[in-house]
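S.K.: Predicted model and sequence follow; I will ask about them next.
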Amino acid sequence: MAINFRPEFDEWTIGGLTKAPGVGGTEAPHVKESAFSMEYELLQAIDITHPVSGQITTTMILAHVKYIHLRNDVPNECGVIDIAKYIPVARLRNISHGRLGDVFGLPRSVWRQEKEKIEQVLEIRERREV
């Protein structure tokens, strides 16, 4: 549940989660139960305005990540984040949130192996345009 608490209200008192201290020199606490969190130093906050109305619609944050917290059970045996254990939640807009559904891998092509095919396709397109 999200509530627009007064700034002086300590949300940790009713959140039901454990407040863990920051360790990356930022002094920012993080949620101990979280699979992943970052401590960062704000470099710049850039307001993005609507091109017609001129209203600020969002703010882009540029930051220097100082420390990453990763729960011990999240990486697999190779040290890579296991997406099934991570279970990310995204804030999409306003009150809309989302979770990952099906996760699948796509093999990445190698330029040396695909170069000739790509050049042939480009050559055929070039001939059609002439």
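M.R.: Thanks, I have it.
S.K.: alpha carbons only for contacts and neighbour counts from here, please
M.R.: Fine.
S.K.: What ranges in the protein fall below the confidence cut-off?
M.R.: Applying pLDDT under 70 to the chain flags the ranges 1-2.
S.K.: The spatially most central residue of it in helix, strand or coil?
M.R.: Central residue of the chain (C-alpha atoms, centre = their mean): Ala90, 7.9 Å from the mean position. The three-state assignment at Ala90 reads strand, by DSSP: H, G, I helix; E, B strand; the rest coil.
S.K.: gap between it and Leu100?
M.R.: 9 Å (C-alpha to C-alpha, to the nearest Å).
S.K.: before we move on, what about Val65?
M.R.: 24 Å.
S.K.: swap in Asp47?
M.R.: 28 Å.
S.K.: Could you do Val121 as well?
M.R.: Shown here: Val121 relative to Leu100, a distance of 35 Å by C-alpha to C-alpha.
S.K.: Gln120 now?
M.R.: On the measure of C-alpha to C-alpha, Gln120 and Leu100 end up 38 Å apart.
S.K.: Could you identify the longest helix within this protein?
M.R.: If you go by DSSP state H, the chain has its longest helix at helix 111-129.
S.K.: Helix, strand or coil: sort out Gly22 for me.
M.R.: Strictly by three-state DSSP, Gly22 counts as coil.
S.K.: Wait, it touches Met38, no?
M.R.: No: using C-alpha atoms under 8 Å, Gly22 is not in contact with Met38, being 9.3 Å away.
S.K.: So the nearest residue to Gln44 once chain neighbours are set aside: helix, strand or coil?
M.R.: Leaving out its chain neighbours, the residue that sits closest to Gln44 by C-alpha to C-alpha, 6 or more residues apart in numbering is Leu62, at 5.2 Å. Classification of Leu62 by three-state DSSP places it in strand.
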